Every structure is written in structure tokens, then in C-alpha cells.
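Peer 1: I would like the atomic coordinates for the input below:
(chains A and B)
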Amino acid sequence: MTDAASRIRETNAANDVVLYMKGTKTMPQCGFSSRVAGVLNYMGVQYRDVDVLADDAIRQGIKDFSDWPTIPQLYVKGEFVGGCDIITEMTLSGELDELFDKSGVAFDKDAAEKIRQANG
Amino acid sequence: MSVSEDIRTRLEQAFGPTRLEVVDDSERHRGHAGYREGGESHFNVIIRAQSFDGLSRVARHRAVHDALGADLVGRIHALSLDIGV
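Peer 2: Numbering: from 1, shown residues only, chains lettered A, B, ... in the order given. Sure, this is the predicted structure:
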């Protein structure tokens, strides 16, 4: 296993929810990363943000690790969930709520409902 | 062949879609990271095909990534996919 892959594995093992993104949760550097971080922030989810722009090995390494060519990438309980399109769809369909419930990840259900109402 | 024609051709060959829209959305990203003069950097794709039936969201996206190929995906800065049956 490469150094990047083992670091990714450790990060995913140590955090229930990890978002690999461009920029940080408070200062995203890309619209797609911003959208996913915005959803998690609004839903009050505790998550670890990993800024791939700050680490070239992780920037390429996470694409290889997930077999997924784009950033952002969301992991829940060590499982790859998807990128911006998938997280957006799952937020609006309620599947993200179900995944968090099933995984024991706390979040604000009312906030999730507000996102759906505003985008329904 | 333009990038959008290339995307369209590869997806048509791979999936025989019942609906396919390839929109060059680059102008909306003018000034953002990855923008290139002349566009062809940001794409929105809507695709509907029977072959996606029964696949998870992640599997559907991976099938599209594979059909486009790493070379083409690598040339596109951003690709937004709306995939369904």
C-alpha cells in the first residue's frame, strides 16, 4: 500500500465522516466542494475535512484509492459514498439521512428537511 | 472532434441512451479554477439508458467514467452527471 493510501485509511478509520475537498469546510476553494461542505455544515454533521490542495500525494491518492476521478469525495464509516452529484441527489431524496441514521452519525433532521423544502 | 462531441460519441456507443444531453457549461465558470478560453472545460451530462437499471449510484457514475476513459476524464475540469434509467 502506498503511503497516501495508508494515510487515507487511517483518516477514514479515525473519523466517521470524512470529506476530501478542495479547500476547507470554512473556506472551500471550489464550487463542488463548497456545495457538499455546505450541506454537511448546515445539517450540523461532525466531519473531518481533508484539503487535497494542501497535499499533492492525497490529491492523487484519494482518486486512486476510491477509483473515482473527481473531488470532493465523501466517506462515511470508511465507505465511499460519492461525489458532489451523488451527495446532492441523496440529500434531496432523503437517502443521506437514512445513511447517517444507519451509521449512527448525528445530524439535524429539521435542517435536512429545510434543504429539501427549499429545493423541492 | 470537440470534447463535447467526443463525450457524446463515447456515451452513445457504450450505453445506447434513450436520452443524452451534453452541455458545455464552461462559460458559467469563467474566472474559476480550470476555466479555459474557448470553453470545453466544464460539462453537464444528462443520460438515460436501460443499462443503468439495477446499478447503485456509484456504479452508474463509474460506468460513465469508464466509458469516457481516463484520458478524456483527465482533460475535463468538471463533469456533472445526471444518470438514470
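
Peer 1: Now for residue B:7, how many residues are close by?
Peer 2: 25 (other C-beta atoms under 10 Å in any protein chain shown). Just so you know, the C-beta spots here come from the backbone N, C-alpha and C atoms, and that holds for glycine as well.

Peer 1: Also residue B:66?
Peer 2: So residue B:66, with other C-beta under 10 Å, has 13 neighbours.

Peer 1: For it, which three-state class applies?
Peer 2: Three-state call for residue B:66 (DSSP: H, G, I helix; E, B strand; the rest coil): helix.

Peer 1: cool, residue A:74 as well?
Peer 2: Per three-state DSSP, residue A:74 ends up strand.

Peer 1: I'd guessed it sits against residue A:85; true?
Peer 2: No: assessed by C-beta atoms under 8 Å, residue A:74 is found out of contact with residue A:85, at 11.4 Å.

Peer 1: Quick one: distance of stretch A:29-49 to the chain centre.
Peer 2: Chain-centre distance of stretch A:29-49: 7 Å, with C-alpha atoms, centre = their mean, to the nearest Å.

Peer 1: and the end-to-end length of it?
Peer 2: Its start and end residues considered, stretch A:29-49 measures 13 Å (C-alpha to C-alpha, to the nearest Å).

Peer 1: now swap in stretch A:22-31 and tell me
Peer 2: 9 Å.

Peer 1: again, but for stretch B:19-28
Peer 2: Start-to-end, stretch B:19-28 (C-alpha to C-alpha) is 24 Å.

Peer 1: anything in it near chain A?
Peer 2: No: for stretch B:19-28, no contact with chain A is found by C-beta under 8 Å from any C-beta of the partner chain; the gap never falls below 9.6 Å.

Peer 1: how much space between the residue minimising distance to the centre of chain A and chain B?
Peer 2: Centroid check for chain A by C-alpha atoms, centre = their mean gives residue A:74 as the closest residue, at 2.8 Å. Separation of residue A:74 from chain B (C-beta to the nearest C-beta, to the nearest Å): 11 Å.

Peer 1: how about that residue, what does it touch?
Peer 2: Applying C-beta atoms under 8 Å, 6 or more residues apart in numbering or on different chains, we find residue A:74 in contact with A:17, A:18, A:19, A:20, A:36, A:80, A:81, A:82, A:83, A:87.
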